[in-house]
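1. Just to be clear, the model below is a prediction. Sequence and coordinates:
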Amino acid sequence: MSVDSQTANNSDQKELDNFNRLSNTWWDTEGEFGALHKINPFRLEFIEKHHPIADQNILDIGCGGGILSESLAAQGANVTGIDLAEEVLTIAKLHGLDSGVKVDYQLIAAEDYAEQHAGEHDIVTCMEMLEHVPDPASIVQAAAKCVKPGGWVFFSTLNRNFKSYLLAILAAEHVLNIVAKGTHTHEKFITPAELGAMARPADLYLRDSAGIEYNPLLNRYGLNHDLDVNYLLAFQKAEA
C-alpha cells in the first residue's frame, strides 16, 4: 500500500523504523514488549468494565503486533487492527496464524480508515500509541469518527511530568532495560487534561479513568487511581 500525504503527515518515520526493528520480539513476554503483555489483562478489564467485548465490532488503532487485538478477538469480538509499521503488522498476522485467533489487520492510517468506516464500530481502542505520533489530536478525531453514537473509545498513554520521566524513561529504558532505549520521548507524553481537551471537540465525553501500575521490582501490576505515569481514559461518543 502506498503512503499518501495524509498518512505521511501524521507518522514519524523514526518511530516506525524503531518498532519495525523490534518486530521479531513483539511476542516475547520477557523481551522489550514484556510490559505490554503484563498490563494487557488490565486493559481488557478496564474495557469490559464499561462495555461488553463479545460480539462487538472493535477497532484497535496502533495495534502493533496484535497483543490487545488478539485478546479482544479471543473474547468473541470482531476486531480490526490498523497500524503503519509494516513489519510489525506482518508479525501480528503470522502470530494470528499460529494462534488461530482471527483479526483483520490493515496497513492504513487512522485518519484514512475513518474516512472509509465512519460510525461502524462499537468500541475503538488506541493504547500506547498517541505519544508516538506528531498530531495526537488527529488520531483522537479519527477514533471518534469511527465509533458509533453512544459507543466507547479507550485511550492509554503516558502522562508528562518529572515522575513519568524518572519511571518510564530513566528507570524503564536506562536502568532496568525493560523497554528498548529510545522507545519514548518525554516531550511527546500527554497529560490527562490535554487528552480531555482533544476529545471534547470530537464529541467524546470522559466517563472514567485509571492508572496502570507496573512495578517489576515488586512484581506488582494492576489498575489504580494514580494517573501520574501510565493511565487509561474511557470516553463515550455523544448519542446522535
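-> Now that the structure is in, tell me what you want to look at.

2. can you pull out the helices in this protein?
-> Using DSSP state H, the helices of the chain run over residues 5-9, 13-21, 34-50, 67-74, 86-99, 110-116, 136-146, 162-164, 192-199.

3. which sections of the chain are below the confidence cut-off?
-> 1-8, 165, 168, 170-180, 182, 216-218 (pLDDT under 70).

4. Which of the helices of the chain sits closest to residue 237?
-> With Cβ to Cβ, the closest approach to residue 237 among the helices of the chain belongs to helix 136-146: 6.2 Å. No exception for glycine: its C-beta is placed from N, CA and C like everyone else's.

5. can you put the helices of the chain in TSV and add mean neighbour count and distance to residue 240?
-> Below are the helices of the chain laid out as TSV (neighbours: other Cβ atoms under 10 Å; distance: least, Cβ to Cβ, whole Å):
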stretch	mean neighbour count	distance to residue 240
helix 5-9	12	26
helix 13-21	16	35
helix 34-50	17	19
helix 67-74	24	25
helix 86-99	17	33
helix 110-116	19	17
helix 136-146	23	13
helix 162-164	14	37
helix 192-199	17	18
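
6. and residue 183, which of the ones you listed is closest to it?
-> Of those, nearest to residue 183 by Cβ to Cβ is helix 13-21, at 6.9 Å.

7. what's that closest one packed up against?
-> Contacts defined by 3 or more Cβ pairs under 8 Å, 6 or more residues apart in numbering; DSSP states H and E place helix 13-21 against helix 86-99.

8. Look up the closest residue to residue 46, ignoring the ones flanking it.
-> With Cβ to Cβ, 6 or more residues apart in numbering as the criterion, residue 46 has its nearest non-adjacent residue at 5.1 Å, and that residue is residue 232.

9. Any idea how many residues pack against that neighbour?
-> By other Cβ atoms under 10 Å, the residues close to residue 232 number 24.

10. Can we start the residue count at 775 from this point?
-> New numbering, starting at 775: the last item is residue 1006.
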